[in-house]
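>>> this one's structure only:
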């Protein structure tokens, strides 16, 4: 089944403790991206990647890192999480200029 | 980046009613897409519609790229249509989303 898989689904952590949210797609998509969703603000793009080893900042990249070492994987890294990074996170992928497909989301709480 | 305005912000419908959701963009439309976020949080792509009209069952969408807007039509609404509808565009490679229309369909 074609899908975008994010893990974990829920994550509670404490300030400053490094964490990684994984994202994998099995559709051979070149484009992958991360978003955060906050009440009243819609979805805002954090980072995106056009292909392996190519990443670019979105609207809200501060405090996040990404890497694209393989085409199928695009992990999101929070090296020193802070409470203002508590949010619902989505990974997504697509072929160029085609439909964007989302993962199921990761609800992150930073205490 | 571009500004994306969605209207109305909230909508309550009786089951069976029709509705129109609108998305306005501050710049030219390139790769417009419509999404539905269901009450469980899943985001589903409804349409990729940079221009013209497309239909999928009870849903249809029209984008007028030259006038920088898109419309999503929901006919004969059902309770399963409830959720939040987002539009988004990518002027380059970066996605910009509207803040959504929250739809509640009452039985």
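Right, received. Where do you want to start? Source: prediction; values computed, not measured. Numbers count the residues shown, from 1 in each chain, chains lettered A, B, ... in the order given.

>>> please count neighbours and contacts with C-alpha atoms only from this point.
OK.

>>> how about stretch B:94-104: buried residues?
B:94-104 (16 or more other C-alpha atoms under 10 Å in any protein chain shown).

>>> residues in contact with the residue of chain B found nearest chain A?
Proximity of chain B to chain A (C-alpha to the nearest C-alpha) peaks at residue B:99, 4.2 Å away. Neighbouring residues of residue B:99 by C-alpha atoms under 8 Å, 6 or more residues apart in numbering or on different chains: A:40-43, B:4-6, B:9, B:86.

>>> among those, which ones are buried?
Using 16+ other C-alpha under 10 Å, the buried members of those are A:42-43, B:4-6, B:86.

>>> turn the residues you listed into JSON lines, including distance to residue A:32 and pLDDT.
Putting the buried ones among the contacts of residue B:99 into JSON lines (distance: C-alpha to C-alpha, whole Å; pLDDT from 0 to 100) gives the following:
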{"residue": "A:42", "distance to residue A:32": "19", "pLDDT": "89"}
{"residue": "A:43", "distance to residue A:32": "15", "pLDDT": "95"}
{"residue": "B:4", "distance to residue A:32": "22", "pLDDT": "94"}
{"residue": "B:5", "distance to residue A:32": "25", "pLDDT": "96"}
{"residue": "B:6", "distance to residue A:32": "25", "pLDDT": "97"}
{"residue": "B:86", "distance to residue A:32": "19", "pLDDT": "98"}
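
>>> so of these, which ones are in strands?
Among those, the residues falling in strands (DSSP state E) are A:42-43, B:4-6, B:86.

>>> any chance of the residues you listed in TSV, plus distance to residue B:22?
Below are these laid out as TSV (distance: C-alpha to C-alpha, whole Å):
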residue	distance to residue B:22
A:42	15
A:43	17
B:4	10
B:5	8
B:6	6
B:86	10
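
>>> now, among those, which is nearest to residue A:26?
residue A:43 (23.3 Å; C-alpha to C-alpha).
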